[in-house]
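In: how would this look folded up:
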Amino acid sequence: MRLHINKRAERWGEYTQSTGIRKRYMKVIVVNSGSSSIKYATFDINGCAPVAKGMLERIGSSEGRLKHQWNSDGIWEEMTETQAVADHRQGFAFILEATAKVRVIQDVSELFGFGHRVVHGGEVFHEPTTVDDKVIIH
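Out: Sure thing, here's the model as predicted:
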């Protein structure tokens, strides 16, 4: 039997010698960022299974509140933390710290992609649109 390995996929995981089965570690984060909150979910690209989700509230205050949930062997666990969160940059850092704490994402190199929900497309965009160079020009 001959095993064909896609070179691009090879970079995203590892193959075990005994089984030839690739283990993927890549994840995608999807966010909905509001004026004072960030809702997010993290998915494993192998099967698009959710592995974590949460919401950070009170961005811009001294009492930012993060509710983070993660799937631990089929059981959803939860933690809540508070700290000062001055802006969205600090908010995203807070979220990444929480995911690292519970080992959902241990290193940013595990991130395959990042999606952001944009609610209003103005007068130009009336349906879901991929944000590419042409869209950015508008």
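
In: Next, find the distance separating T82 from M26.
Out: 31 Å (Cβ to Cβ, to the nearest Å). All C-beta spots, glycine's among them, are computed from the backbone N, C-alpha and C.

In: the more surrounded of these two?
Out: M26 (17 against 14; other Cβ atoms under 10 Å).

In: Just to check, the more buried one is in contact with D107?
Out: No: counting by Cβ atoms under 8 Å, M26 sits too far from D107 to count as a contact (11.5 Å).

In: May I ask you to name the longest helix in this structure?
Out: helix 88-101 (DSSP state H).

In: contacting residues around it?
Out: For helix 88-101, the external contacting residues (Cβ atoms under 8 Å, 6 or more residues apart in numbering) are 33, 38, 40, 42, 52, 54, 56, 59, 64, 66, 68, 70, 79, 81, 83-85, 105-108.

In: For the spatially most central residue of the chain, which residues count as its bridge partners?
Out: By Cα atoms, centre = their mean, the chain has its centre lying nearest to I29, at 1.7 Å. Listed beta-bridge partners, I29: T42, F114 (assigned using DSSP bridges).

In: Point out where this structure drops to low pLDDT.
Out: 1-25, 118-121 (pLDDT under 70).

In: Show me the strands in it, by range?
Out: Ranges of strands in the chain, per DSSP state E, are 13-15, 22-24, 27-33, 37-44, 49-57, 61-72, 75-85, 111-116.

In: Off-centre distance for the fifth one?
Out: Between the centre of strand 49-57 and the centre of its host chain there is 8 Å, according to Cα atoms, centre = their mean, to the nearest Å.

In: Would you mind putting the CA coordinates of that strand into PDB?
Out: Only the C-alpha atoms of strand 49-57 are listed here, as PDB (Å, rounded to 0.1, in the frame of the first residue of the first chain):
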ATOM      1  CA  ALA A  49     -16.000  20.700  15.500                       C
ATOM      2  CA  PRO A  50     -16.300  23.500  18.000                       C
ATOM      3  CA  VAL A  51     -13.600  23.300  20.700                       C
ATOM      4  CA  ALA A  52     -14.100  26.500  22.500                       C
ATOM      5  CA  LYS A  53     -16.400  29.500  22.700                       C
ATOM      6  CA  GLY A  54     -16.900  32.600  24.800                       C
ATOM      7  CA  MET A  55     -17.700  36.200  25.300                       C
ATOM      8  CA  LEU A  56     -15.700  39.100  26.600                       C
ATOM      9  CA  GLU A  57     -17.800  42.000  27.900                       C
END
